[in-house]
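K.L.:
Sequence and predicted structure, then a few things I'm wondering about:
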Amino acid sequence: MVQQMSDALDLEFVALQEALLGRYFLEREIGRGGMGIVYLAHEVRLDRPVALKLLTPELATQPALRERFLREARTAAKLSHPNVVPIHVVDEVEDFVFFVMMYVEGETLGERVQGRGPLPASEAIRILREVAWALAYAHGQGVVHRDVKPANILIEAGSGRALVMDFGIAHVNEGAGLTTTGEVLGTAEYMSPEQASGEAVDGRSDLYSLGVLGHYMLSGQLPFQGTTVAATLAKQITQECPPLASVAPGLPRHLTQSIDRCLAKDPSDRFADGEELAGALSRALEVRREVSVPIRMFAEQNQESSTVIAAMGLLALSSLLSIIWSVSDDWGSTATAMIALWTVAMAVTPLGMLTHMARRLLGSGHDYDDLVRALRGDIELRREELASQRGPPTWIDRWARRLTYGGAAVFLGFVGLIPFVSERILELIAPPIILGASALVGAGLLGGVRHQIQGAVPGEGWFKFWNSRVGRWLFRLAGVRLGRVQSGGAPYRPTEMAIVMAVDRLYEALPKEVRDLFVELPDVVRRLEQDAEKMRARINELDGVLNSIESDEAIGRSGTVAATPKLRDDMESLSTEVRSARDAAEKRLTEAVAALETIRLELLRLHAGAGSVDSITADLTSALELSADIERLVKGGRAVEELLEGD
């Protein structure tokens, strides 16, 4: 028996994929909760990645839970907001109950805090504000989430946008009677006192949960935790939450006050709604321009590479001095050439490093102006924060600056007098002047070191560099032959390509003696992949033709050109022909993808010990017949193009 694989080998997964054959290609499980299992899938018709949430089979057999799952999924599907994960489809197929939502490439808020620890105040404010906007919108639609927690907040890769998901226990105000009286739903650590008591809740209950979320994001600690669920709920009801500033000192006062207000036991003491909370958070954030993840990583890499680049610069300088000495001491051409090459290498390597970093940033979808704007905003904010911490310059700082400038002026004045002073006088005055100027400059530097250390803005030097002509030139160099890229997200792969990659993994994991029984499989799946690509291209072509026909029809109806009855009939007939050809291409596309899915399912069964070589062989034969039909369709479809050319 073939050894079982780790990715989706259970027969329930296979049964679900069979039920969705031709509609969705299930790639892998990405999450599991109390009521549902979430899969990463590809929607075949629209060729896009989606997240498919399935009500667990044991719960799907219970009519009441099945109905509630569907009802509340349909309620959530009505929500449309930039910070709410949209639901595309709510459906039942055979014994399976599921809904399909947008797939967000990124991580949950819980994963981010667990991986990085407490978040910076600016990042936490942005996330809290976006979640508050989403909840305010939902509350306006009469929907209370009732399970706001880190696992239900997604952070989109690239943009950093926060999206609220899983209104799975959402409560619709108008349908309050549909929920069992006294039933407590939610997560104990994030539950409001009124929800923990089983009382009626409104939008302010979600704001309490958001306050717990903020407390956790900024301190890394939950305000209430017990040894049991009941103990945690009791603390939520009876105990006051410790002020955020007491467990996470150094945060902006407006931020801690906003979080503490959300955690008030009496709902009337909290913010009235999410919009009011978002406004308070905006005041804490002020006018900060957020730095996206790729730009933040770019800045961090700049800082990390500073030591290496400085070391290379010193080596290049020392090598340059060696060249000068070699020429003056006549070291020989070979030695001088080697030192020159070393100098060039040390000078060019930092530029190569910086160009590579710039190219990676461009590859993420950002451009030079994005970097400069983001870094400028970040530097300005850091400068303001440092100024508020250290206060205005003191008399020591002012005198330190004067001593530094005075010493520099004395030295420059002395240099300017050198051509006009005799050598004897120069020997007399040079030592005291140089020593005096050095003393002034040194005293000034030492006196100002305290203020300078406190006032140093991390990254300001790099900002000045990238904002210069050299920085802009390096970005132009980095963008050579890069092409157009999309910001954020995972690399785009058509559905058929993703299935073929999965089939390849399954096929290669089989023992050699099993693979030898159907050696033609890789060629067949490649042929099906090419057929699917042809059909997608054909659909795009026919869509363009339809758009052209509809445009011509619109012009004719507007009277811009004379449209005779015969011409109108011909255009309608042509439109019908093209639509028929498009439908046929779409049908064949679905069949090609379904054939690939069938082969993958048979391989999964084989790995699970429930499949047979004969079944796979039969599927391969059917796939070849389908491929031949698609080839005939492609050839026959050219008649439409010839008809268009004739017109």
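P.N.:
Arrived safely.

K.L.:
now Arg74, nearest residue through space, not along the chain?
P.N.:
Once its chain neighbours are removed from consideration, Arg74 has its nearest residue in Val90; the separation is 5.1 Å (CB to CB, 6 or more residues apart in numbering). All C-beta spots, glycine's among them, are computed from the backbone N, C-alpha and C.

K.L.:
Number of residues surrounding Thr75?
P.N.:
A count of neighbours around Thr75, defined by other CB atoms under 10 Å, yields 20.

K.L.:
Likewise for the one 5 residues further on?
P.N.:
Taking other CB under 10 Å as the neighbour definition, Ser80 ends up with a count of 10.

K.L.:
Please name every helix or strand in contact with the helix or strand containing Lys534.
P.N.:
Taking DSSP states H and E as the criterion, the element that holds Lys534 is helix 521-558. Counting contacts by 3 or more CB pairs under 8 Å, 6 or more residues apart in numbering; DSSP states H and E, helix 521-558 packs against helix 495-508, helix 565-608, helix 613-646.

K.L.:
now those helices as JSON lines including mean neighbour count?
P.N.:
Supplementary listing: these in JSON lines, determined by neighbours: other CB atoms under 10 Å:
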{"stretch": "helix 495-508", "mean neighbour count": "19"}
{"stretch": "helix 565-608", "mean neighbour count": "19"}
{"stretch": "helix 613-646", "mean neighbour count": "14"}
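
K.L.:
Tell me which of those helices lies nearest to Ser205.
P.N.:
helix 495-508 (40.7 Å; CB to CB).

K.L.:
Quick one: list the elements packing against that closest one.
P.N.:
Packing partners of helix 495-508 (3+ CB pairs under 8 Å, 6+ apart): strand 24-32, strand 36-43, helix 521-558, helix 565-608.

K.L.:
can you list the domain ranges for the protein.
P.N.:
11-43+48-102, 106-285, 293-478, 495-646 (automatic domain parsing).

K.L.:
could you dump the helices and strands packed on helix 521-558 to a markdown table with distance to Asp269?
P.N.:
Converted to a markdown table, the helices and strands packed on helix 521-558 look like this (distance: least, CB to CB, whole Å):
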| stretch | distance to Asp269 |
| --- | --- |
| helix 495-508 | 51 |
| helix 565-608 | 55 |
| helix 613-646 | 65 |
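
K.L.:
Dump those into CSV; add mean pLDDT and distance to Val410 as well.
P.N.:
Output for the helices and strands packed on helix 521-558, formatted as CSV (pLDDT from 0 to 100; distance: least, CB to CB, whole Å):
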stretch, mean pLDDT, distance to Val410
helix 495-508, 80, 72
helix 565-608, 80, 81
helix 613-646, 72, 85
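
K.L.:
what's the closest of those to Glu156?
P.N.:
helix 495-508 (20.5 Å).

K.L.:
Can you give the contact residues for the helix or strand following that closest one?
P.N.:
Next in sequence after helix 495-508, counting helices and strands by DSSP H and E, comes helix 512-515. Applying CB atoms under 8 Å, 6 or more residues apart in numbering, the contact partners of helix 512-515 are 2, 507-508, 521, 606, 613.

K.L.:
among these, which two are most distant?
P.N.:
Going by CB to CB, the two entries of the contacts of helix 512-515 that are most distant from one another are Glu508 and Val613, at 16.5 Å.

K.L.:
Show the backbone phi and psi for Phe224.
P.N.:
Backbone torsions of Phe224, given as degrees, to the nearest 10, read phi -130, psi 120.

K.L.:
Not counting sequence-adjacent ones, nearest residue to it?
P.N.:
Using CB to CB, 6+ apart, the nearest residue to Phe224 is Lys235, at 4.2 Å.

K.L.:
That neighbour: neighbour count?
P.N.:
A total of 19 residues lie near Lys235 under the criterion other CB under 10 Å.

K.L.:
Pull up the gap between it and Gly226, please.
P.N.:
Distance of Lys235 to Gly226, computed by CB to CB, to the nearest Å: 6 Å.

K.L.:
returning to what we had before: confidence-wise, which of the domains of the chain is weakest overall?
P.N.:
Note on these: domain 293-478 shows the lowest mean pLDDT, a mean of 66.

K.L.:
Buried residues in stretch 254-271, which are they?
P.N.:
Residues of stretch 254-271 classed as buried by neighbour count (16 or more other CB atoms under 10 Å): 254-265, 267, 270-271.

K.L.:
how long is it end to end?
P.N.:
Between the opening and closing residues of stretch 254-271 there is a gap of 14 Å (CA to CA, to the nearest Å).

K.L.:
if we look at stretch 124-135, which residues are touching it?
P.N.:
Stretch 124-135 has contacts (CB under 8 Å, 6+ apart) with 81, 83-84, 109, 119, 145, 148, 153, 155, 160-164, 203, 206-207, 210, 213-214, 217-218, 255, 274-275, 277-278, 281-282, 284-285, 290.

K.L.:
Now do the contacts for the residue nearest to Leu633 when sequence neighbours are not counted.
P.N.:
Across the structure, with CB to CB, 6+ apart as the measure, the residue nearest Leu633 apart from its sequence neighbours is Arg588 (5.8 Å). If you count contacts by CB under 8 Å, 6+ apart, Arg588 has them with 531, 535, 626, 629-630, 633.

K.L.:
which of the residues you listed lies closest to Gln195?
P.N.:
Sorting these by how near they are to Gln195, with CB to CB, puts Met535 at the top with 51.1 Å.

K.L.:
For the nearest residue to that closest one once chain neighbours are set aside, give me its contacts.
P.N.:
With sequence-adjacent residues excluded and distances taken as CB to CB, 6+ apart, Met535 is closest to Leu589, at 3.8 Å. When the contact criterion is CB under 8 Å, 6+ apart, the partners of Leu589 are 44, 532, 535-536, 539.

K.L.:
now do Val164
P.N.:
For Val164, the contact set (CB under 8 Å, 6+ apart) comprises 83-85, 131, 134-135, 138, 145, 148, 152-153.

K.L.:
Which parts of the stretch 1-150 of the chain are helices?
P.N.:
For the stretch 1-150 of the chain, helices defined by DSSP state H, counting those that start in this stretch occupy the ranges 11-19, 57-60, 63-77, 109-116, 121-140.

K.L.:
doesn't Ile549 make contact with Met571?
P.N.:
Yes: using CB atoms under 8 Å, Met571 makes contact with Ile549 at a distance of 6.1 Å.

K.L.:
can you give me the end-to-end distance of stretch 11-25?
P.N.:
End-to-end distance for stretch 11-25, by CA to CA: 16 Å.

K.L.:
let me fix that: stretch 225-245
P.N.:
19 Å.

K.L.:
Check which residues of it are buried.
P.N.:
232-233, 235-237, 241, 244-245.

K.L.:
Which secondary structure elements does the helix or strand containing Glu194 sit against?
P.N.:
Using DSSP H and E, Glu194 maps to helix 193-196. The contact analysis (3+ CB pairs under 8 Å, 6+ apart) places helix 193-196 against helix 203-219, helix 229-238.

K.L.:
Turn these into a markdown table, columns for distance to Glu189.
P.N.:
Below are the helices and strands packed on helix 193-196 laid out as a markdown table (distance: least, CB to CB, whole Å):
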| stretch | distance to Glu189 |
| --- | --- |
| helix 203-219 | 7 |
| helix 229-238 | 6 |
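
K.L.:
which residues does Val89 bridge with?
P.N.:
Beta-bridge partners of Val89, counted by DSSP bridges, are Val100.

K.L.:
Tell me how far it lies from Ser209.
P.N.:
Taking CB to CB as the measure, Val89 falls 28 Å from Ser209.

K.L.:
got it, and Ala439?
P.N.:
As it turns out, when the distance is counted by CB to CB, Ala439 lies 64 Å from Ser209.

K.L.:
ok so, going back, out of Val89 and Ser209, name the residue with the larger neighbour count.
P.N.:
Using other CB under 10 Å as the criterion, Val89 and Ser209 rank with Ser209 on top: 26 against 15.
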